[in-house]
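1. Need a 3D model of the sequence below.
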Amino acid sequence: MKDTKRAPFQVLVLPYRITATRVLYAVFRRNRSTGSYWQGIAGGGEGSETPLAAARREALEEAGIESKHFLRLKTLTMIAAFHIDAFRGSKDFFVLPEYCFGVRVEDRELSLSDEHTEYRWLSYKAATKILHWDSNKTALWELDARLQQMHDAASDKSRKRADRKKSLN
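-> Okay, the predicted model is just below:
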């Protein structure tokens, strides 16, 4: 971490790609020294960063993602401070909030930092099966449900436009 003071929150970022037939989600395998489990992009805020600014920075640092398409999720998890090095043993912080985001990615190729050994683009069902943390599964469920809802709304709008066009002819 830089010389910036660690902010008392975490972020979780779930990258997704929309293909012609489905939505795929990127999941990341932590390196062996930090557990070798699968999760989304995760990290902590620095200095006076907002959760969104931290999510953007973490996505760039951990996976090379530069996107303007971040979606703030309602999922909010509280993480025990002892899981986070900067707050382990703190007398002021016992739990820290983890703010969750989805981020739309156009390019399927990501560039990993040394925090991860690999990544996979998976369906919702496959990603849920390998994610380690329940909080990641909950955030992924919300993101998938929101994307489905947006897709359904866009399909309804297209159908209505087509119906109107037909009725004018």
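2. what about the strand ranked longest in the chain, distance to the chain center?
-> Counting by DSSP state E, the longest strand found in the chain is strand 6-18. Mean C-alpha position of strand 6-18 versus that of the full chain (Cα atoms, centre = their mean, to the nearest Å) differs by 5 Å.
3. That one - contacts with which helices or strands?
-> Judged by 3 or more Cβ pairs under 8 Å, 6 or more residues apart in numbering; DSSP states H and E, the packing partners of strand 6-18 are strand 23-30, strand 41-46, helix 51-63, strand 70-80, strand 95-104, helix 134-168. Quick note: C-beta positions are derived from backbone N, CA and C, even for glycine.
4. Parallel or antiparallel, list what pairs with it.
-> Strand 6-18 sits in its sheet next to strand 23-30 (antiparallel), strand 41-46 (antiparallel), strand 95-104 (parallel), going by DSSP bridges.
5. Redo the ones you listed as TSV? Include mean pLDDT.
-> Below are the strands paired with strand 6-18 laid out as TSV (pLDDT from 0 to 100):
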stretch	mean pLDDT
strand 23-30	97
strand 41-46	96
strand 95-104	97
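6. Those strands into a markdown table, with extra columns for distance to Leu14 and mean neighbour count?
-> Converted to a markdown table, the strands paired with strand 6-18 look like this (distance: least, Cβ to Cβ, whole Å; neighbours: other Cβ atoms under 10 Å):
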| stretch | distance to Leu14 | mean neighbour count |
| --- | --- | --- |
| strand 23-30 | 6 | 21 |
| strand 41-46 | 8 | 22 |
| strand 95-104 | 5 | 21 |
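7. Compare these and give me the one nearest Leu52.
-> strand 95-104 (7.2 Å; Cβ to Cβ).
8. can I get the CA coordinates of the helix or strand following that closest one in PDB?
-> Sequence order places strand 116-122 as the next helix or strand after strand 95-104, per DSSP states H and E. Only the C-alpha atoms of strand 116-122 are listed here, as PDB (Å, rounded to 0.1, in the frame of the first residue of the first chain):
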ATOM      1  CA  HIS A 116      -4.100 -13.100  -8.100                       C
ATOM      2  CA  THR A 117      -2.900 -16.100 -10.000                       C
ATOM      3  CA  GLU A 118      -5.700 -16.400 -12.500                       C
ATOM      4  CA  TYR A 119      -9.200 -15.300 -13.500                       C
ATOM      5  CA  ARG A 120     -12.100 -16.900 -15.200                       C
ATOM      6  CA  TRP A 121     -15.200 -15.500 -17.000                       C
ATOM      7  CA  LEU A 122     -18.100 -17.600 -15.800                       C
END
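9. on contacts alone, who are the packing partners of strand 116-122?
-> Packing contacts for strand 116-122, counted by 3+ Cβ pairs under 8 Å, 6+ apart, involve strand 23-30, helix 51-63.
10. Done for today, thanks.
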